[in-house]
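J.: pasting a predicted model and its sequence here:
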Amino acid sequence: MSLNILLVEDDAVFAQAMAEELRGFDHGVTVAPDGRDALAAIDSQAFDAVILDRMLPKIDGISVLERLRSANITMPVIMLSALGRSVEKVEGLEAGADDYVVKPIAAVELNARLLALMRGRGWTGSAGDTIHAGDIVVSPTKFRAWRDGIALDLGKLEFKLLAEFVANADAVLTRAMLVERVWGYDFAPTTNIVDVYVRHLRVKLTAAGGDDPIRTVRGVGYMLRG
């Protein structure tokens with residue numbers, strides 16, 4: 001299982017060594033040196049899991065975790081700390097950590113804990129907080145979407161439409177299906193509302209110069225290429 005991981009750690013030597021070892025398990029690893037950079041990275045990129053040091057400059061790990069959970073960001077978080085008393089572990093877990101690990105820890109054990117968390121949630125890599133189709137990534141829990149790593153500026157209905165396409169990549173979705181799932185109507189409206197929103201979505205998906213990933217199936221509906 002390959003994961004996209006954010007490692008938040010202010011000890012540069014430890015962070016570099018751990019990131020390299022985790023990459024050896026076929027994970028992608030982004031390193032953030034403090035809590036402020038961690039929140040900025042989570043806001044701009046899609047991650048499957050976070051490894052979060054407790055004692056961080058600028059914004060500490062507990063505060064980072066509390067902000068994520070208060071924003072309903074549910075991706076798995078393993079908290080790392082040199083503080084290993086029961087009261088400190090309880091504080092980290094009550095703040096929303098899925099696991100609390102006392103440093104030092106071997107990368108092989110950290111990897112095993114990550115995979116156990118993903119299995120426990122019934123997730124596979126890059127699924128759960130994010131869904132993927134080609135170079136498009138959608139995070140339903142954060143109402144954020146990216147294409148080729150670039151954040152997309154989408155309205156609520158545009159986002160819901162894109163999420164529906166990504167979740168059903170390579171399948172044809174009729175206009176009636178989209179109206180029901182995105183707008184919540186159980187009947188086909190007399191307007192061309194679906195076509196209008198698909199047109200808006202296409203403009204935003206191709207703004208950076210990429211190919212149009214949405215295919216029109218004449219007389220039926222649309223399909224997003226996976």
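T.: Cool, the structure landed. Computed from a prediction, not measured in an experiment: that's the story for all the values here. Numbering: from 1, shown residues only.

J.: per-residue pLDDT, residue 193?
T.: For residue 193, the pLDDT comes out at 88.

J.: count of residues packed around it?
T.: If you count neighbours by other Cβ atoms under 10 Å, residue 193 ends up with 17. (Each C-beta comes from the backbone N, C-alpha and C, glycine too.)

J.: can you pull out the helices in this structure?
T.: 12-23, 35-44, 61-70, 86-94, 107-120, 156-167, 175-178, 193-205 (DSSP state H).

J.: right, and those helices - which one's nearest residue 53?
T.: helix 61-70 (5.5 Å; Cβ to Cβ).

J.: let's have the helices of the chain in JSON lines, adding distance to residue 216.
T.: As requested, the helices of the chain are exported to JSON lines (distance: least, Cβ to Cβ, whole Å):
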{"stretch": "helix 12-23", "distance to residue 216": "41"}
{"stretch": "helix 35-44", "distance to residue 216": "31"}
{"stretch": "helix 61-70", "distance to residue 216": "39"}
{"stretch": "helix 86-94", "distance to residue 216": "50"}
{"stretch": "helix 107-120", "distance to residue 216": "36"}
{"stretch": "helix 156-167", "distance to residue 216": "12"}
{"stretch": "helix 175-178", "distance to residue 216": "11"}
{"stretch": "helix 193-205", "distance to residue 216": "8"}
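
J.: pLDDT weak spots in this structure?
T.: 1, 120-129, 186-190 (pLDDT under 70).

J.: same thing but at 80, please
T.: Low-confidence segments of the chain (pLDDT under 80): 1-2, 46, 72-74, 84, 117-130, 140-143, 185-191, 226.

J.: ignoring the adjacent residues along the chain, who's closest to residue 12?
T.: residue 33 (7.0 Å; Cβ to Cβ, 6 or more residues apart in numbering).

J.: that'll do, ta.
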